[in-house]
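Novice: Coordinates for the following, if possible.
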Amino acid sequence: MKPSTLLLSILTIVLSVTANAQFRKYSNEFLNIGAGARGLAMGSAQVASVNDGTAGYWNPAGLVGVKDHPQINLMHAEYFAGIGKYDYVGVALPTSNNKRTIGITALRFAVDDIMNTLFLVEPDGL
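Specialist: I've put the predicted structure just below:
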């Protein structure tokens, strides 16, 4: 076999192979939801450009952009026809000399009012 034919065959095989990307399915999926209207609208671009109180979620290094005034960010969203509730709270407190910022972030994704059926007894006693 000629070297050019061999090279062409290998190149054809390599280019025709498809790869399936792996993605998360359910485990920690709430971490992919996001925080803040601007961040949700920009998608992954928010990671590089964040400079407000939501930086505690997207990119903590962006907290240095919070100057002069503290920022409080709140977000509530409901999923699955109101069954799942997603809450985000972020607080960014700049220090008096504007060299540092203290950031506190809290997330909650939960399903409320789930009945406890561990000790459920039917009316017939079973």
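
Novice: C-alpha from now on. contacts and neighbour counts both.
Specialist: Noted.

Novice: need the strands for the chain, in chain order.
Specialist: 71-79, 84-94, 101-111 (DSSP state E).

Novice: Return the most buried member of those strands.
Specialist: When the strands of the chain are scored by mean count of other C-alpha atoms under 10 Å, the highest mean neighbour count falls to strand 84-94 (a mean of 19).

Novice: Tell me how far that one lies from the chain's centre.
Specialist: Here strand 84-94 is found 13 Å from its chain centre; the criterion is C-alpha atoms, centre = their mean, to the nearest Å.

Novice: Same check on stretch 50-60?
Specialist: 12 Å.

Novice: Buried residues, it. List them.
Specialist: With burial defined by 16 or more other C-alpha atoms under 10 Å, the residues of stretch 50-60 counted as buried are Val50, Asn51, Asp52, Gly53, Thr54, Ala55, Gly56, Tyr57, Trp58, Pro60.

Novice: Would you mind listing the two of the residues you listed that lie farthest apart?
Specialist: Across these, the longest distance by C-alpha to C-alpha is 11.3 Å; it joins Asn51 and Tyr57.

Novice: could I have stretch 90-98 exported to PDB, CA atoms only?
Specialist: The C-alpha trace of stretch 90-98 is given here as PDB (Å, rounded to 0.1, in the frame of the first residue of the first chain):
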ATOM      1  CA  GLY A  90     -26.000  36.300  47.700                       C
ATOM      2  CA  VAL A  91     -24.500  39.100  49.900                       C
ATOM      3  CA  ALA A  92     -21.300  41.000  48.900                       C
ATOM      4  CA  LEU A  93     -19.800  43.400  51.500                       C
ATOM      5  CA  PRO A  94     -16.900  45.600  50.500                       C
ATOM      6  CA  THR A  95     -14.400  46.600  53.200                       C
ATOM      7  CA  SER A  96     -13.900  50.200  54.100                       C
ATOM      8  CA  ASN A  97     -10.700  50.600  51.900                       C
ATOM      9  CA  ASN A  98     -12.300  48.800  48.900                       C
END
